[in-house]
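>>> Return atomic coordinates for the entry below.
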Amino acid sequence: MDSRSRIDKTLRFGRLDPDERLVLEEILRAGYGANGSPLGRAGALSAAELARKVFGPPMRPGDQDTMKRAVRRVVNSLIIRHKIPICCEPGFGGGYYLPADDSEVEANHHRFHRRAMTGLMKATRAKSSAYADSLIQLSFGYDGPEGREIRERYELPEPNPEGPPLWVSVVTKFLDRLKNDPDRYARELRQLQDRYGELMVPRRRVRQLKSLAGALKNVVERLEG
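This is a model prediction of the structure:
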């Protein structure tokens, strides 16, 4: 699977910001041999290597970690927003690379899926407060400054400023669950109505208000007539 033409098209016509363009150019340069053949994992660049190529050598203590986080965010954006097939391998000898063929894509997917499931299982079994805090931050603080540490830790994309906050999706999912089975969640619905009645008016009340408004309009019209 040679994705060279797709990347060339993205570099020519895609709406890349300056950092995205620089990172993609470096990954592309490292991903092909002198004869133009794809190198695959053999052309992988570590986050530190890629950071030095894009941003130059670190000037102060701590700069390298900051630069590596910036590279991870840019790579995530290239993968998610621009659909560039960049593979990521952690650990010694790993890094970012363009797959040479479908077998490399499949192998990378298998390793990534296995790591993700293992990490999730460990976190679930541990049931630690830190894990719970991370979930809460991801759900309700993801879009704000308090979620930045979590986004950087898990190399997640930045929130979409044009879309609704993530917590809206979370609340909507819970409300949909209540709506789909009102008898089962009758107590919870009453609690929500008692506490947030001024925010969430029941539909029957809305229909009653519309009916009363219509009746009042008819009365006024008769009086005026």
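>>> Which residue ranges of the protein form strands?
Here the chain has its strands, by DSSP state E, at 87-89, 95-97.
>>> Please name whichever of those is nearest to Ala70.
strand 95-97 (13.2 Å; C-beta to C-beta). Where C-beta positions appear, they are placed from N, C-alpha and C, glycine not excepted.
>>> and that closest one, what does it pack onto?
helix 18-30, helix 47-55, strand 87-89 (3 or more C-beta pairs under 8 Å, 6 or more residues apart in numbering; DSSP states H and E).
>>> if we go to 10 Å?
The contact analysis (3 or more C-beta pairs under 10 Å, 6 or more residues apart in numbering; DSSP states H and E) places strand 95-97 against helix 18-30, helix 47-55, helix 63-80, strand 87-89.
>>> Could you list the residues in contact with it?
23, 26-27, 30-31, 38-50, 71-72, 75, 78-79, 86-89, 104, 108 (C-beta atoms under 10 Å, 6 or more residues apart in numbering).
>>> Buried ones among those?
23, 26-27, 30-31, 38, 40-41, 43-47, 49-50, 71-72, 75, 78-79, 86-89, 104, 108 (16 or more other C-beta atoms under 10 Å).
>>> returning to that earlier point: just put the helices and strands packed on strand 95-97 in TSV and tack on mean pLDDT and distance to Val219.
Putting these into TSV (pLDDT from 0 to 100; distance: least, C-beta to C-beta, whole Å) gives the following:
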stretch	mean pLDDT	distance to Val219
helix 18-30	93	65
helix 47-55	92	73
helix 63-80	91	59
strand 87-89	88	70
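>>> for those, which one sits closest to Leu209?
Closest among the helices and strands packed on strand 95-97, using C-beta to C-beta: helix 63-80, at 44.8 Å.
>>> Quick check: buried residues in the closest one?
64, 67-79.
>>> Output that helix in CSV with nothing but the alpha carbons.
In CSV, the C-alpha atoms belonging to helix 63-80 read as follows (Å, rounded to 0.1, in the frame of the first residue of the first chain):
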residue,chain,number,x,y,z
ASP,A,63,12.2,21.6,26.2
GLN,A,64,12.6,18.1,24.7
ASP,A,65,9.6,16.8,26.6
THR,A,66,7.5,19.8,25.5
MET,A,67,8.7,19.4,21.9
LYS,A,68,7.9,15.6,21.9
ARG,A,69,4.3,16.3,23.2
ALA,A,70,3.9,18.9,20.4
VAL,A,71,5.0,16.3,17.8
ARG,A,72,2.5,13.7,19.2
ARG,A,73,-0.3,16.3,19.0
VAL,A,74,0.6,17.1,15.4
VAL,A,75,0.8,13.4,14.4
ASN,A,76,-2.6,12.8,16.0
SER,A,77,-4.0,15.6,14.0
LEU,A,78,-2.5,14.3,10.7
ILE,A,79,-4.0,10.9,11.4
ILE,A,80,-7.4,11.9,12.6
